[in-house]
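A.B. asks: Sequence first, then the predicted structure:
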Amino acid sequence: MGMAIIISHVKAKHHVRRANIIVKFQDLYVFMVEGNVNDVNVLNEVREKVRQLGRVWWALEASKAALFL
């Protein structure tokens with residue numbers, strides 16, 4: 001599941017901070033949402049944590065299955 005980022009609006013200032021840039025991106029449930037770059041960074045951190053927990057869960061399930069072989 002890739003994350004598509006589309007810049008939709010940039011405030012007209014010479015020194016635009018990244019947090020002020022509004023982008024469209026997919027959330028964890030593949031809905032298109034709008035937010036700032038900080039929102040995207042937080043979502044990436046959450047997505048990575050979910051992946052890590054998924055790997056732990058699958059390893060635990062595999063270890064349970066090995067007990068019954």
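C.D. replies: Here it is on my side, so go on.

A.B. asks: Near residue 23, how many other residues are there?
C.D. replies: Look at residue 23: counted by other C-beta atoms under 10 Å, it has 19 neighbours. Any C-beta I mention is one placed from the backbone N, CA and C, and that applies to glycine too.

A.B. asks: Is it correct that it falls within a helix?
C.D. replies: No - secondary structure of residue 23, determined by DSSP: H, G, I helix; E, B strand; the rest coil: strand, with no helix assignment.

A.B. asks: my read: it touches residue 37, true?
C.D. replies: Yes - with contacts counted by C-beta atoms under 8 Å, residue 23 reaches residue 37, the gap being 6.5 Å.

A.B. asks: With adjacent residues omitted, what lies nearest to residue 47?
C.D. replies: The shortest distance from residue 47 to any non-neighbouring residue, by C-beta to C-beta, 6 or more residues apart in numbering, is to residue 28 (6.4 Å).

A.B. asks: which residues sit in contact with that neighbour?
C.D. replies: Shown here is residue 28, whose contacts under the criterion C-beta atoms under 8 Å, 6 or more residues apart in numbering are 43, 46, 47, 50.
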